[in-house]
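Chemist: Prediction below, plus the sequence it came from.
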Amino acid sequence: MATHERRTGAGVLLALGASPVRVELLEEERAQVVRTGGGQACTVERWRLPPGTREGDVIVDGLLDPERTEALRREVARKRAALAVPLPPGLEL
């Protein structure tokens, strides 16, 4: 199973031009990336990612894309704010 995941992940990184990927989880030796267009997740060897990659980064054509990363962070923050439940007056958490 791990071999299959590695092959799938390598294919995702080689095909970055077709669909950017978001780095979902970083571990010591592996990372989980998710295609931004379809949500398909796979595991890749961490050395395949660009140097300095962090969780939440977007990678396009094998390079970090700071503009897409920031746009995604803003979108997530906007959606979280929309889902937030307001506290009744006088109630503090």
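Modeler: The structure has been received and is ready for your questions.
Chemist: could you point out where the chain is predicted with low confidence?
Modeler: Across the chain, the ranges flagged by pLDDT under 70 are 1-18, 93.
Chemist: Quick check: A81 is in a helix.
Modeler: Yes - assessed by DSSP: H, G, I helix; E, B strand; the rest coil, A81 belongs to a helix.
Chemist: show me what contacts it?
Modeler: Residues in contact with A81 (C-beta atoms under 8 Å, 6 or more residues apart in numbering): none are found. Quick note: C-beta positions are derived from backbone N, CA and C, even for glycine.
Chemist: what about it, distance to P88?
Modeler: 18 Å (C-beta to C-beta, to the nearest Å).
Chemist: and if you look at R22?
Modeler: Counting by C-beta to C-beta, the gap from R22 to P88 is 36 Å.
Chemist: Can you pick out the residue with more neighbours from the two?
Modeler: Set R22 next to P88 and count neighbours by other C-beta atoms under 10 Å: R22 wins out with 19 against 6.
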